[in-house]
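*Asks:* coords please:
(chains A and B)
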Amino acid sequence: AQRVTQPEKLLSVFKGAPVELKCNYSYSGSPELFWYVQYSRQRLQLLLRHISRESIKGFTADLNKGETSFHLKKPFAQEEDSAMYYCALLYGSSNTGKLIFGQGTTLQVKP
Amino acid sequence: GAVVSQHPSRVICKSGTSVKIECRSLDFQATTMFWYRQFPKQSLMLMATSNEGSKATYEQGVEKDKFLINHASLTLSTLTVTSAHPEDSSFYICSASELGRGKQETQYFGPGTRLLVL
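*Replies:* You can find the predicted model right below:
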């Protein structure tokens, strides 16, 4: 069965420090992975997805099929990055694909 | 950008009553809408997938007679919690996938509806 695991509930770093939010997945098919972010009192929104290979707000994530990981990284954390981050895996067909979410990691960036 | 709204944002009801939650895609047509449930400090759990004009597909363990889903148009899906009980109290979130533009896999989320059953 498909599964997404985010081992850290809380990650606390100082401003300017590097950040790595871990995500591991289990899926028998070809994975499509996403990172979603939820800022305080706001709705969940897409941060980035692996097929785009883009950097959003300084964040990047590389799909490592060998390690079944999709860790989110940023070299220098900013206070405004403080939020809840969810890793998600798309499964099913592209037209009715479902998302399975990890448990989420709260990133706290201290001044 | 694609915007999804939900109404109401918060609802309190008595045990045994039914509650309807609306999910609308405001500026795009959604072939598929998804309903999630989120417990405090936990992740989103998919309840059901709703396709316009067809019956919803429920995830294992979700009672279809308890959570009625109707997807009447490409911009509106409703979730009705029937005969609500205190254990149904939760945060319900919908999302919508955009039709066309090769973006079916991108889901846009609503702000959520907080349901409290007394």
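*Asks:* which ones are touching residue A:72?
*Replies:* A:19, A:20, A:21, A:23, A:35, A:47, A:59, A:60, A:61, A:85, A:87 (Cβ atoms under 8 Å, 6 or more residues apart in numbering or on different chains). No exception for glycine: its C-beta is placed from N, CA and C like everyone else's.
*Asks:* the residue lying closest to it once chain neighbours are set aside - how many residues pack around it?
*Replies:* Spatial nearest neighbour of residue A:72, excluding adjacent residues (Cβ to Cβ, 6 or more residues apart in numbering or on different chains): residue A:21 at 4.2 Å. By the criterion of other Cβ atoms under 10 Å in any protein chain shown, residue A:21 has 24 neighbours.
*Asks:* can you check the one 3 residues further on too?
*Replies:* Other residues lying near residue A:24 total 17 when counted by other Cβ under 10 Å.
*Asks:* distance of it from residue B:88?
*Replies:* Plainly put, residue A:24 is 32 Å away from residue B:88 if you go by Cβ to Cβ, to the nearest Å.
*Asks:* still on that earlier bit, just the pLDDT for the residue nearest to residue A:72.
*Replies:* Per-residue confidence (pLDDT) for residue A:21: 98.
*Asks:* surely it is in contact with residue A:71?
*Replies:* Yes - assessed by Cβ atoms under 8 Å, residue A:21 is found in contact with residue A:71 at 6.5 Å.
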